[in-house]
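> Sequence plus predicted model, see below.
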Amino acid sequence: MVRYRVELTKDEYGKLQGMVGELQQMVDVGIPAQQMLKRVLILLLAGQGASEEAIIDISGASRSTVYRTKRRFVEGGLETALNGPPRAGMTRPYAKELYHRELDDDACPVCGSLYVKELPEDQKKHRSFHARTMSVFEPKPSKALAKLHTKFGCYVPVTAHSPTWMHRRLAWIAAILKRENGYDCTMWDASGDDGQGFIVTDSDGRALGGCAVRWREGSDEPACWALQWIWVAPPYRRQGLLRNTWSMLTAKYDGIIPEPPYSLGMARFLLSLGSLSEHVKFAARDAIS
């Protein structure tokens with residue numbers, strides 16, 4: 001790996017020193033200030049000749065972030081090191097547009113992966129993760145799903161007895177749902193799940209989305225079926241898939257309720273329905289406000 005040496009001018013050093021105090025007062029506001037403070041500290045420490053281990057320990061940055069920041073300074077100057085290089089000519093930046101969290105400046109704006117482009121092992125991991133993410137955002141035809149579509153129609157069931165590849169496919173969809181909405185966990189087990197899931201397909205076997213239904217029993221509420229989550233790929237949104245899927249679920253599961261938390265789109269859809277409880281409507285309004 002190339003070693004990059006940071007040599008700061010007096011003006012650059014002064015600017016960075018001034019930024020430290022301002023950013024330290026902003027770190028509680030959000031992730032961007034935290035990331036910028038790390039980059040500033042990396043440059044200051046590297047400019048003073050600190051070792052890589054010392055920079056990591058003091059700044060709290062990862063080894064790859066230290067490497068990228070130093071490289072961008074040497075190759076592009078201070079502004080590039082702090083704000084990142086301009087991007088152009090790539091696939092729709094799904095991660096940057098849709099993900100709940102802020103992305104690192106050097107993360108892939110399409111899949112959200114953070115990696116060092118000069119490291120072959122990082123490149124390999126990114127290619128794999130990127131391809132899997134894009135298979136969810138922009139699904140391709142699948143012979144296996146097309147065959148199941150012929151048997152089941154648009155909604156291919158995924159149960160405890162389904163093959164592992166179907167659980168894995170639904171888990172990939174659930175993982176994107178998690179990242180887009182900032183949820184704490186992936187709500188489908190790739191190794192097998194006892195819920196009742198569905199992969200929404202077209203006749204060519206594209207996985208347009210997915211959902212999961214579970215039986216809920218509580219001490220304060222009567223037992224019922226609950227829609228735990230539903231997600232539709234961006235190119236297929238606003239085409240009636242959500243409404244059609246909800247119609248299928250209400251016909252199949254008597255008394256099913258949509259379980260919060262709700263995304264903004266789901267909340268707006270629920271409020272367009274007239275047959276839901278006041279509890280659901282209140283949670284939907286709360287999601288929008």
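Looks like it came in fine. Residues are numbered from 1 along each chain as shown.

> And the pLDDT at the residue positioned nearest the centre of the chain?
Nearest to the geometric centre of the chain sits Arg179, at 2.5 Å (CA atoms, centre = their mean). Turning to Arg179, the model gives it a pLDDT of 92.

> got the contact list for it?
Going by CB atoms under 8 Å, 6 or more residues apart in numbering, Arg179 touches Ala95, Leu98, Tyr99, His100, Arg101, Gly112. In this view, the C-beta of every residue, glycine as well, is placed from N, C-alpha and C.

> Can you say which helix or strand has it in it?
Per DSSP states H and E: Arg179 is located in helix 164-181.

> Which parts of the protein are helices?
10-24, 31-47, 52-59, 63-76, 78-83, 94-98, 120-137, 143-152, 164-181, 241-252, 264-271, 278-288 (DSSP state H).

> Reformat those into TSV and put distance to Val158 next to each item.
As requested, the helices of the chain are arranged in TSV below (distance: least, CB to CB, whole Å):
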stretch	distance to Val158
helix 10-24	46
helix 31-47	34
helix 52-59	43
helix 63-76	36
helix 78-83	44
helix 94-98	24
helix 120-137	15
helix 143-152	10
helix 164-181	5
helix 241-252	14
helix 264-271	20
helix 278-288	25
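
> out of these, nearest to Ala223?
Ala223 lies closest to helix 278-288 among those, at 15.7 Å (CB to CB).

> And the closest one, what does it pack against?
helix 264-271 (3 or more CB pairs under 8 Å, 6 or more residues apart in numbering; DSSP states H and E).

> Try it again at 10 Å.
Where contact means 3 or more CB pairs under 10 Å, 6 or more residues apart in numbering; DSSP states H and E, helix 278-288 is packed against strand 257-258, helix 264-271.

> any idea how far Met36 is from the residue lying closest to Glu138 once chain neighbours are set aside?
Spatial nearest neighbour of Glu138, excluding adjacent residues (CB to CB, 6 or more residues apart in numbering): Pro235 at 6.4 Å. If you measure Pro235 against Met36 using CB to CB, to the nearest Å, the figure is 34 Å.

> ok, now Cys185?
When Cys185 is compared with Met36 (using CB to CB), they lie 29 Å apart.

> Same drill for the two, tell me which one is more crowded.
Met36 (18 against 8; other CB atoms under 10 Å).

> doesn't Ala61 make contact with the more buried one?
No: applying CB atoms under 10 Å as the test, Met36 and Ala61 come out as separate, 11.4 Å apart.

> Only the buried residues of the lowest-mean-pLDDT helix or strand in the chain, if you could.
Between all helices and strands in the chain, the lowest mean by mean pLDDT, DSSP states H and E belongs to helix 78-83, at a mean of 82. Buried residues in helix 78-83, counting neighbours by 16 or more other CB atoms under 10 Å, are found at Leu78, Thr80, Ala81, Leu82.

> Please identify which of the helices of the chain is closest to Gly205.
Gly205 lies closest to helix 143-152 among these, at 3.2 Å (CB to CB).
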